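Enquirer: Sequence and computational prediction follow.
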Amino acid sequence: MIVTASAPGKLMLFGEHAVVYGYPCLVTTVDLRVSTTIERTQSGTIDIAPSLPGEAEQHYLFTLDEIVQSNVIFPKAVSFVASAIAHFFRRYNVRSGLHIMTTGLAKNYGLGSSSAITVATIAALNALFNVQLSSREIFDLAFAVVLDVQRGTASGFDVAAAVYGGTVYYSKRGDIIEPLELPAPSFIVGYSGEKVSTTDYVEQVRRLYQQMPTLIEPIFALMTTIVEQARLALHAGDHAEIGRLMNINQGLLDSLGVNTLSLARPIFAARDAGALGAKLSGAGGGDCMFAIADDDARGAVITAMQSAGCEVLDVALHTDGVCIDT
Ligand code: MEV
């Protein structure tokens, strides 16, 4: 039997960084999907072949013992997939030779995350071994894997987006996960062209928080208010209110020190061209920003973001969560 599961990437909308400390955030999914195909074999080994579209696959071979030992550090290229298998085998007490192919995204915009490949892998194993995990159980296991690989530096919001799909309200490090019934948000998403390490930026904010807790704590509290109000505004489809909240959230992210010129340029260019709001998405330092505009300003905003050095991405938002494809 062969099973393929795919899971979506994500766009963080409101509440990044604060969410690391248990505050709420809002995240939506993008239609950039990663996939895992798994086949059971008699070989007694785990053969993992990660590939990117258009590239030859490479093989990483492990014995079953290597996979289930808890102290093994897996090669970076397969760390999330190998760790997902290890956690799954240990928790559900199954063992089998496997051949696994994973397909990532052709270009890494910081939207398709390692969390999505972890979720796809667990969903495929779930189907293959007929364990009948619920969405909540897939989330719990995938989040444990991500925390393990990233040594605790993760909030889990992207795991929830990959599992549940659509737009998700996420709080208390996963104790509260609410998929929202909304009109699909129509943001304009731009890639700054700059790549940075999320972990470094999370650590940078953590240091600032430790140095100045009395200043940073109220910033996180304000971000919480923004998330709560943005949830209502998204629900009402109130673009003007969503835009205002994006701008205020952006100001607070700037005060945390995660805004950079490559993000600020397209953010200001979008606003100057008539966007109702614009902000960065994710850890900051680079990767993506997004803007919201009424239909009549949309074309000008796209052109302005491109002139400010951004690649405007043709992505649909609020798309399906993890699913079995075959
Ligand atoms: C990164 O996309 C978002 C952060 O809040 C980190 C996290 O939540 O894991 C900065």
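Expert: That came through fine. Every value quoted in this text rests on a predicted model; they were computed, and no experiment measured them.
Enquirer: Would you enumerate the residues in contact with the residue of the chain most remote from its centre?
Expert: Outermost residue of the chain with respect to the C-alpha centroid, by CA atoms, centre = their mean, is Gln42; its distance is 34.7 Å. In this structure, Gln42 makes contact with Gly97, judged by CB atoms under 8 Å, 6 or more residues apart in numbering. The C-beta positions use only the backbone N, C-alpha and C, and glycine is treated the same way.
Enquirer: what does the stretch 1-150 of the chain put close to the ligand?
Expert: Residues of the stretch 1-150 of the chain found near the ligand (CB under 6 Å from any ligand atom) are 12, 16-17, 19-20.
Enquirer: Switch the residues you listed over to TSV; also include neighbour count, secondary structure and pLDDT.
Expert: Listed next are these as TSV, based on neighbours: other CB atoms under 10 Å; DSSP: H, G, I helix; E, B strand; the rest coil; pLDDT from 0 to 100:
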residue	neighbour count	secondary structure	pLDDT
Met12	27	strand	98
Glu16	28	coil	98
His17	28	coil	98
Val19	26	helix	98
Val20	21	helix	97
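Enquirer: of all the residues you listed, which two lie farthest apart?
Expert: Farthest apart among these by CB to CB are Met12 and Val20. That separation is 11.6 Å.
Enquirer: does the residue nearest to Val258 when sequence neighbours are not counted sit in a helix, a strand or a coil?
Expert: Nearest residue to Val258 in three dimensions, chain neighbours excluded: Gly284, at 2.7 Å (CB to CB, 6 or more residues apart in numbering). Going by DSSP: H, G, I helix; E, B strand; the rest coil, the secondary structure assigned to Gly284 is coil.
Enquirer: Would you mind giving both backbone torsions of Gly284?
Expert: Phi and psi for Gly284, reported as degrees, to the nearest 10, are phi 90, psi -170.
Enquirer: Can you report how many residues neighbour it?
Expert: 26 (other CB atoms under 10 Å).
Enquirer: With Ser114 instead?
Expert: Counted with other CB under 10 Å, Ser114 comes out at 20.
Enquirer: One more: Ala233?
Expert: Neighbours around Ala233, by other CB under 10 Å: 20.
Enquirer: What residues are bridge-paired with the nearest residue to Ala77 once chain neighbours are set aside?
Expert: Excluding its sequence neighbours, the residue lying closest to Ala77 (CB to CB, 6+ apart) is Pro50, at 5.6 Å. Applying DSSP bridges to Pro50 yields these beta-bridge partners: Thr102.
Enquirer: ok, Pro50 to the ligand distance?
Expert: Distance of Pro50 to the ligand, computed by CB to the nearest ligand atom, to the nearest Å: 21 Å.
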